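Novice: turn this into a structure:
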Amino acid sequence: MSEPAPGATRWIPLESNPDVLNSWCSKAGLITSEFEYSDIYGLDEDLLALVPQPVKAVILLLPLTDAIERKTQEEIAKIRREGQHHVDSSIIWIKQTIGNACGTMALLHAIINTNVPVIPDSPIAKFIIECRTLTPEARSHLLETTTLFSEIHSEVASAGQTAAPDANAKVDLHFTCFVKAPDPANPSIY
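Specialist: Take a look at the predicted model:
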């Protein structure tokens, strides 16, 4: 979760709020009448029973601590030394190069890597088609150079329940996304 390079584009951070995330998704082209985000209030059985099913992805907002940053740097060093372990080629990953864009990155990863329905010719449908054959770095460049998501992000970042911080604000929180990889025996089942 290191900061993007100095001089990199920065966006206003998204608020961790299902209404904000669902607004982003609706504008991007997710069919939100079929899938939407909701809060998870805890991990015990009773609270998890409140979560609408099926769950296709989980987006977590976590504090950026020194321990997490150290672990991230250790993982980066290990990958540089030993190489990247096998990653399922059906999973589309985009390297984050835009400051404060982690909310949009989590949403993109959640939608792109699950079989949720999107509106044909919507921004997300177009992005998915373009990303399929690109490297993670080329996907990052595409995200940096298109206005498809910067405009959506900007619009919803200003619409949360709390005042949005400045795009240059140092934010000590980070969104991450968890999706289930397709079953190698039956890739159509997530």
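Novice: other SSEs contacting whichever strand or helix holds His153?
Specialist: Mapping His153 onto the secondary structure by DSSP states H and E places it in helix 150-157. Using 3 or more CB pairs under 8 Å, 6 or more residues apart in numbering; DSSP states H and E, the elements in contact with helix 150-157 are helix 18-28, helix 102-112. Where you see a C-beta, it was placed from the backbone N, CA and C, and this is true even at glycine.
Novice: CA atoms of the first one as CSV?
Specialist: Output for helix 18-28, consisting of C-alpha atoms alone and laid out as CSV, is shown next (Å, rounded to 0.1, in the frame of the first residue of the first chain):
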residue,chain,number,x,y,z
PRO,A,18,-22.6,0.9,0.7
ASP,A,19,-24.6,3.8,-0.7
VAL,A,20,-21.4,5.3,-2.2
LEU,A,21,-20.1,2.0,-3.5
ASN,A,22,-23.5,1.1,-5.0
SER,A,23,-23.7,4.6,-6.6
TRP,A,24,-20.3,4.0,-8.2
CYS,A,25,-21.3,0.6,-9.4
SER,A,26,-24.6,1.8,-10.9
LYS,A,27,-22.8,4.6,-12.8
ALA,A,28,-20.1,2.2,-14.0
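Novice: next SSE after that helix?
Specialist: On the C-terminal side of helix 18-28, the closest following helix or strand by DSSP H and E is helix 45-48.
Novice: that following helix: what's the following helix or strand?
Specialist: Secondary structure here is assigned by DSSP H and E; on that basis, the next helix or strand after helix 45-48 toward the C-terminus is strand 57-63.
Novice: between helix 18-28 and that next one, find me the angle.
Specialist: 130 degrees (axes from the mean of the first three to the mean of the last three CA atoms, to 10 degrees).
Novice: ok, residues contacting strand 57-63?
Specialist: Outside strand 57-63, the residues that touch it by CB atoms under 8 Å, 6 or more residues apart in numbering are 16, 21, 37, 40, 68, 106-107, 109-111, 113-114, 172-179.
Novice: buried residues in it?
Specialist: Taking 16 or more other CB atoms under 10 Å as the neighbour-count basis, strand 57-63 is seen to contain the buried residues 57, 59.
Novice: now do the next helix or strand after that strand, average pLDDT.
Specialist: The C-terminal neighbour of strand 57-63 among helices and strands, as given by DSSP H and E, is helix 66-82. For helix 66-82, mean pLDDT rounds to 92.
Novice: for the helix holding His153, buried residues please.
Specialist: Along helix 150-157, the positions that meet the burial threshold by neighbour count (16+ other CB under 10 Å) are 150, 152-153, 156-157.
Novice: much appreciated, bye for now.
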